[in-house]
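In: sharing a sequence plus its predicted fold:
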Amino acid sequence: MDQKMIIYGTKTCPFCIQAREAYGDRAHFFDVDEDPECLDRMLSLSGGKRQVPVIVEGDKVTVGFAGDVSLRCGIPLFGGT
C-alpha cells in the first residue's frame, strides 16, 4: 500500500494551495499556523526553514512548490512565506 505524502503549510499561502490542488487525495495537509506541533515537525524536516509548503514523500523532503512549470515557459518558481 502506498503511503500518503504530507504537506506542511498554511491555508492562505498560494503555493500551499497549489500544492494541495496538485496532489489532491494523495497527500495529507497540516496547517502549521493552527498546530504548533506540526510547525515543530516541519522545522525539523526543513532544517529550520520557515518556508512553506514543505512536502514530504517517504524520505524525500521538498521545501517550496514549483507548480506547473509549463505555464511559465519551463521556468520554475518557488514560493514561501
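Out: Happy to help now that I have it. Remember, predicted model here, so these are calculated numbers, not experimental data.
In: distance between the ends of stretch 45-57?
Out: End-to-end distance of stretch 45-57 (C-alpha to C-alpha, to the nearest Å): 11 Å.
In: can you pull the buried residues of it?
Out: Under the neighbour-count criterion of 16 or more other C-beta atoms under 10 Å, stretch 45-57 has Leu45, Ser46, Gln51, Val52, Pro53, Val54, Ile55, Val56 buried. The C-beta positions use only the backbone N, C-alpha and C, and glycine is treated the same way.
In: His28: what's it in contact with?
Out: Shown in contact with His28 (C-beta atoms under 8 Å, 6 or more residues apart in numbering): Lys4, Met5, Ile6, Ile7.
In: how near is it to Glu57?
Out: In this view, His28 and Glu57 are 11 Å apart by C-beta to C-beta, to the nearest Å.
In: what touches both of these two?
Out: Met5, Ile6.
In: which parts of this protein are helices?
Out: With DSSP state H, the ranges of helices along the chain come out as 14-23, 36-45.
In: ranking these by burial, who's on top?
Out: helix 14-23 (a mean of 17; mean count of other C-beta atoms under 10 Å).
In: tally of neighbours for Gln3?
Out: Gln3 has 10 neighbouring residues, counting by other C-beta atoms under 10 Å.
In: residues contacting the closest residue to Val54 other than its chain neighbours?
Out: Spatial nearest neighbour of Val54, excluding adjacent residues (C-beta to C-beta, 6 or more residues apart in numbering): Tyr8 at 4.3 Å. Contacts for Tyr8 were tallied using C-beta under 8 Å, 6+ apart; they are Phe30, Val32, Cys38, Leu39, Arg41, Met42, Leu45, Val52, Pro53, Val54, Ile55, Val56.
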